[in-house]
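>>> what's the 3D shape of this:
(chains A, B, C and D)
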2 protein chains.
Amino acid sequence: MFKDTRQKEVILRILKSTNMHPTADWVYSEARKEISNISLGTVYRNLKVLCISGEILELDICGSSSRFDGNPGSHYHFRCETCGRIFDVDEPVNRALDVKVARKTGFEVLYHRIEFRGLCTECKE
Amino acid sequence: MFKDTRQKEVILRILKSTNMHPTADWVYSEARKEISNISLGTVYRNLKVLCISGEILELDICGSSSRFDGNPGSHYHFRCETCGRIFDVDEPVNRALDVKVARKTGFEVLYHRIEFRGLCTECKE
DNA sequence: TTAGGTGCAAAACCTTTGCCATCCC
DNA sequence: GGGATGGCAAAGGTTTTGCACCTAA
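The predicted model follows:
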């Protein structure tokens, strides 16, 4: 169904090569270094397709714009309230919590996301 | 510093009287029932001020638009992936997690947010 | 009196979409 | 060939902002 194109390959590679959870616009400017006339619409379309196929993750971290994560495995995030950067948190995902909440609410709980907030090493000084 | 106005009072009352975590636009349409010529800009400005003063909470639940919570106390949320509704989850906030992550990362962790995802009672049938 | 708030409308921003050319299978 | 994708630009939706006029303190 989905075809492989140079644009998609470049976008995926850019995303996999960083852990900075970039915005679509940042991906766009990086991609232009390789494909000078790639369009922003194409970046958005491919980011969407890559999310659907599970190769990347769209983060539910509000702020002005969506951010994407080249690492689609389940993990938690930390956001610095001063510089706005987002870091991965190496803490095991607590699946028992989902079960507990499911029991309590009667909902079907598939997964959860955690975002820690505070100040990163650089900003807390 | 912040003044009390009828607009702000109405917006806060609307938000406190529901647990549906509405968007700015929904608050706007409710507010118009009381102040027919209130402007959307005023709603946005007051929502921001109320967040700053801690009387309400802006949720970090992406989707097309921000959502607001009249209950600013720390609590978790559940979002139904089918109908999109957001529910409060009555589960104690785990402050020990913040300490653990702080120790592991070296960051100053102030708090965290959890969003559970799945299907609500109505949608899972 | 006056800093801060309001209404209105325009602007800013991010994201999506329509159209047609192009590419992949 | 034919459906999927790309580039471009225009449209769409949400949020912010400039400005002149009010209003709470």
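>>> Which helix or strand in chain A has the lowest average pLDDT?
strand A:67-69 (a mean of 73; mean pLDDT, DSSP states H and E).
>>> Quick check: which helices or strands does that one pack against?
If you count contacts as 3 or more Cβ pairs under 8 Å, 6 or more residues apart in numbering or on different chains; DSSP states H and E, strand A:67-69 packs onto strand A:57-59. Where you see a C-beta, it was placed from the backbone N, CA and C, and this is true even at glycine.
>>> sorry, back to before: could you point out which element follows the least confident helix or strand of chain A?
Going down the chain from strand A:67-69, the next helix or strand is strand A:76-80, by DSSP states H and E.
>>> okay, now A:Asp90: neighbour count?
By other Cβ atoms under 10 Å in any protein chain shown, the residues close to A:Asp90 number 10.
>>> Let me know the pLDDT of A:Asp60.
With respect to pLDDT, A:Asp60 scores 68.
>>> longest strand of chain A?
As assigned by DSSP state E, the longest strand anywhere in chain A is strand A:108-119.
>>> about what we covered before: show me what the least confident helix or strand of chain A is in contact with.
A:15, A:21-24, A:27, A:47, A:51, A:56-59, A:61, A:86 (Cβ atoms under 8 Å, 6 or more residues apart in numbering or on different chains).
>>> now do stretch A:40-55
Taking Cβ under 8 Å, 6+ apart as the rule, stretch A:40-55 contacts A:2, A:7-8, A:11-12, A:15, A:24-25, A:27-28, A:31, A:56-58, A:68, A:72.
>>> among the residues you listed, which two are most distant?
A:Phe2 and A:Asp25 (23.2 Å; Cβ to Cβ).
>>> Is it correct that A:Leu59 is in contact with A:Phe78?
No - counting by Cβ atoms under 8 Å, A:Leu59 does not reach A:Phe78; the two are 12.0 Å apart.
>>> Comparing these two, which residue is more hemmed in?
The residue with more neighbours, out of A:Leu59 and A:Phe78, is A:Phe78; 23 against 19, by other Cβ under 10 Å.
>>> coming back round to it: more neighbours, A:Phe2 and A:Asp25?
Neighbour totals were compared for A:Phe2 and A:Asp25, and A:Asp25 leads with 13 against 10 (other Cβ under 10 Å).
>>> Could you check the pLDDT of that one?
pLDDT, read off for A:Asp25, is 91.
>>> What strand or helix carries it?
Going by DSSP H and E, A:Asp25 is part of helix A:24-31.
>>> what pLDDT, on average, does the following helix or strand past that helix get?
Past helix A:24-31, further along toward the C-terminus, the next helix or strand under DSSP H and E is helix A:40-52. On average, the pLDDT along helix A:40-52 is 91.
>>> Okay, angle between helix A:40-52 and helix A:24-31 too, please.
With axes from the mean of the first three to the mean of the last three Cα atoms, to 10 degrees applied, the angle from helix A:40-52 to helix A:24-31 works out at 110 degrees.
>>> starting at the chain centroid, how far to helix A:40-52?
Its chain's C-alpha centre and that of helix A:40-52 lie 13 Å apart, by Cα atoms, centre = their mean, to the nearest Å.
>>> near DNA strand C at all, that helix?
Yes - using Cβ under 7 Å from any atom of the strand, helix A:40-52 comes into contact with DNA strand C via A:40-41, A:44-45, A:48.
>>> and A:Leu57, how many residues sit next to it?
Here the number of neighbours of A:Leu57 (other Cβ under 10 Å) works out to 20.
>>> Report the beta-bridge partners for it.
Beta bridges link A:Leu57 to A:Asp69 when assigned by DSSP bridges.
>>> where in chain A is pLDDT low?
Within chain A, the stretches with pLDDT under 70 are A:1, A:60-66, A:70, A:72.
>>> Near chain B, which residues of it are found?
Taking Cβ under 8 Å from any Cβ of the partner chain, the part of chain A that reaches chain B is made up of A:58-62, A:66, A:76, A:78, A:80-81, A:87, A:89-91, A:97-98, A:100-102, A:104-121, A:124.
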